[in-house]
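[1] My questions concern the predicted model and sequence given below.
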Amino acid sequence: MKKTLTLGILGLALHLAAPAANAQTTLEYPGGPHSGITSSEIQSLKGWSQNAMADITRLLNEIQPMLDASDVKRKLSFGMENIAQNSDTKAADLLLRQAIYAGLTVNRLIEQESIRRGMENAPQGTVDQQVRILKHSLEMAKEYYKSDFAYINGILSKKDTSYVNPKLVEFGVRFSQFLIKMSDGVLDASASYGMIRWSLGILENYLGQDSRNVVYASTIKHLHDELKQYPNIVTGQSAPEDITCIKYVRELKRLAQETYKEIKQTTDNIQMAEPAQSSVQTPTPVRAPAAPMTNAGSWSAPDRASIAACGWFDGATHGIAARGWHRFHIVRNIYISDKYYDNEGAASAYSCYSDVVQQDYYQNAVATAKANECTCKWLDGSGDSHNINPPSRGWHLAYPVAVDKDLKLNVSVRYFDNNGTSSQEACNRELVKRHFQCD
Amino acid sequence: MLKKRKIMTVLFGTLLPMIALAQNFAAVSGIPEGSYKGKFRGQDHGKVHMMTQDIKGCRGCFIAILFKRHVGLFASGEEQVQAYKALPQNDFLVNGMKTATQYTLTPIGVDTDGELTTPNDDPSLVLNITQKIGTQDVEFTVTNAQSGNNVGFQSTMIFKGSESPFDLEEGKPGRYKEAWAAKEDGTISIIGQNFEDGSRSANVTWNGSKHQEGGTFYLKEKAPGIFTFTAVSYLATGTQAQAMPQKIVIFVKRDRREHALLVNPKDGSDVSELKIMHR
């Protein structure tokens, strides 16, 4: 009796532990995240992408409309996995490989949700939708091969520097739009939700990896903050109840529309600001130069408004009449006071800084710094050397934030001890793992 | 003693995990699968029928077919059929189960790839349960969602728990014939039905009629009770290329006789009704 009871409890414990174990399993097809590439690595990719293109064309030609959809699905996923497995990890930087990776990931998600529900067969029409997603992924891979080719040739004509694909954001938006459209036809509620949630997550990732990520900072932060509320089934989080999935789908569709609109607006602004380019774009460095923060003295882009800052003004210069602390910004080298905080020394300064860090633009600046200026630094741990949050002396993964027009402080996100080179190397490994971001 | 052991093993090893699993998917539909008869209110008049089929993989969701049929000299042109995806808007505890009392109904269409979709995300109708939730006598009202989506039915419909004489059917192979067509005109033969991946599909030959060009088609179940009807063409290479999708097909039974309804999802009044001849 005791033995049976123990076995029963063990069985129950194992069963209940199963979702937790599953929760750590990602469905993402390996080699997804985009990481930038060097010209020395790219030569081998040229050959791979040409072979992959031939395989893709063959796979697409073999699809017959009246074949058993299950057979077509197996054939496509098998063929796509073969293409992906033959690739180098660096192929992740090619949009051709990204399209295949995305298609395989969504295919896995749909299959997993049927299994999780214990259904022998997925709801009617699901296999057709899987075929369609795989087929469309191949078509996108084929379409973006052209831009990959231009990108590869662009890098080969330059020196050994890291670059990202200029079409990354466009690809991310299109794939996300496609998955949202496809999700309508997928009758499984959690699979449908999972597709939308994951597609917006990869779009956030692409925006962060883009060479012009500085201009997308606000969109990235908005997307990041919103998506935190929604579990990502693909990366192993538990699926919500069906009715919650339906509610989330409605909310995420709204978020997606807002995001596409913001991206379009930003992209339009960039195109208006940039001179006309040739059809083959020149690749740009992965780590774009950081936007000027609040250093009014070295402000070099007078056509743009600066990020607001706090400063003490004497009431006679800079065109600001009231003597004391002001929250201000600069437009075309003209100082504009946003708010006056009296002239009561530290108390006024504190009020101004407290106000500034609550502002969206400041939060955006922090997001930008985390994305662009994250680095390994040795900090002495004292407040005197401009450190926020690192009480420990040694190597830190940190990013700088400006709190005054001449003052940048380091914010530590992780401490790596003070054991010389080994601490520095540990920090560097973490930096690479995080794709040079402090988030 | 042995019996007691077995009970304990079953309890701990099977039943409790099942309960734990069931909790993940709790929430049921307040409208049981079935056929309901109702009436229009306002400008539209006559009877309306709603047939529902639960969606596997989405607890509380169902496919709703709304079907209007006037009794008159000419059946053709006086019918209207529209398929909807019904999704729960809320849930309440009813007899210990989470149950929805309000649903949005979004018209289903067919896209250029021949797959079912909701061309406009906004629902066109809202269904509110008013009495006897979760029973076959359930009473409910369907009203305009005021969303700007004007596809399909727009009038208010009241369902008072009456059963409809129409039933949604699986779609059996056989010869179906347009009621008003000449001898060999307007017949479709559905053969080769199979059950790959759990859904039904068939090859269809349509002789055509005065109203419709004939040809070879492919019938495939894409959602519970809803089939797409896709034209197939033959090329020199032997490839059967998929042409633009035509209509959706719904099989309905009345008085022990099966009818195949060929519906244009963009215009629910564009319906061809075929009755089964023999199998």
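    Here it is on my side, so go on.
[2] is it true that residue B:122 lies in a strand?
    No: Residue B:122 sits outside any strand when classified using DSSP: H, G, I helix; E, B strand; the rest coil, being coil.
[3] Let me know how buried it is, in neighbour terms.
    14 (other Cβ atoms under 10 Å in any protein chain shown). To be clear about C-beta, it is placed using only N, CA and C from the backbone, and glycine gets the same treatment.
[4] Find the residue closest to it in space, skipping its chain neighbours.
    Closest residue to residue B:122 apart from its sequence neighbours, by Cβ to Cβ, 6 or more residues apart in numbering or on different chains: residue B:147 at 3.8 Å.
[5] Compute the distance between the one you found and residue B:125, please.
    Here residue B:147 is placed at a distance of 9 Å from residue B:125 (Cβ to Cβ, to the nearest Å).
[6] which one of the two has more residues nearby?
    Counting neighbours by other Cβ under 10 Å for residue B:147 and for residue B:125 shows that residue B:125 has the greater number, 26 against 15.
[7] Pull the contacting residues for the residue nearest to residue B:122.
    Contact analysis of residue B:147 by Cβ atoms under 8 Å, 6 or more residues apart in numbering or on different chains lists B:122, B:123, B:124.
[8] pLDDT score assigned to it?
    You'll see residue B:147 listed with a pLDDT of 89.
[9] which residues touch whichever strand or helix holds residue B:143?
    Element membership of residue B:143 [criterion: DSSP states H and E] is strand B:139-144. For strand B:139-144, the surrounding residues in contact (Cβ under 8 Å, 6+ apart) are B:31, B:36, B:38, B:50, B:66, B:105, B:124-132, B:153-161.
[10] what do you get if the cut-off is 7 Å, keeping everything else the same?
    With contact meaning Cβ atoms under 7 Å, 6 or more residues apart in numbering or on different chains, strand B:139-144 is reached by B:31, B:125-132, B:154, B:156-161.
[11] got it, and stretch B:85-96?
    If you take Cβ under 7 Å, 6+ apart as the criterion, stretch B:85-96 is touched by A:243, A:246, B:27, B:60-64, B:98-106, B:108, B:118, B:127, B:133-134.
[12] Can you mark which positions in it are buried?
    Across stretch B:85-96, burial judged by 16 or more other Cβ atoms under 10 Å in any protein chain shown covers B:85, B:86, B:87, B:88, B:89, B:91.
[13] One more: stretch B:105-123?
    B:105-111, B:113-118, B:121, B:123.
[14] before we move on, what SS does the residue nearest to residue B:122 have?
    With three-state DSSP as the basis, residue B:147 sits in coil.
[15] got it, and the one 3 residues further on?
    In terms of secondary structure, residue B:150 is coil; the call rests on three-state DSSP.
[16] Check the gap between it and chain A for me.
    Distance, residue B:150 to chain A, by Cβ to the nearest Cβ, to the nearest Å: 19 Å.
[17] Also residue B:125?
    Using Cβ to the nearest Cβ, we find residue B:125 at a distance of 16 Å from chain A.
[18] Nearest spatial neighbour of that residue, chain-adjacent residues omitted?
    Spatially, and ignoring its direct neighbours in sequence, residue B:125 is nearest to residue B:105 (4.0 Å; Cβ to Cβ, 6+ apart).
[19] Relative to the top strand by length along chain A, what are the paired strands and their orientations?
    If you go by DSSP state E, chain A has its longest strand at strand A:394-404. Sheet pairing here is set by DSSP bridges, and for strand A:394-404 it gives strand A:375-379 (antiparallel), strand A:407-415 (antiparallel).
[20] Comparing these by mean pLDDT, which bottoms out?
    Lowest mean pLDDT within those: strand A:407-415, at a mean of 75.
[21] right, and the helix or strand after that strand?
    Next helix or strand after strand A:407-415 toward the C-terminus (DSSP H and E): helix A:420-433.
[22] between that following helix and strand A:394-404, how many degrees?
    Angle between the axes of helix A:420-433 and strand A:394-404 is 60 degrees (criterion: axes from the mean of the first three to the mean of the last three Cα atoms, to 10 degrees).
[23] pLDDT score for residue 222?
    Answering for chain A, as no chain was given. 89.
[24] meant chain B, my bad for not saying
    85.
[25] Of the strands paired with strand A:394-404, which is nearest residue A:328?
    Checking these against residue A:328 by Cβ to Cβ gives strand A:407-415 as the closest, at 14.8 Å.
[26] For chain B, what's its nearest residue on the stretch 51-200 of chain A.
    The nearest approach of the stretch 51-200 of chain A to chain B comes at residue A:121, 2.9 Å away (Cβ to the nearest Cβ).
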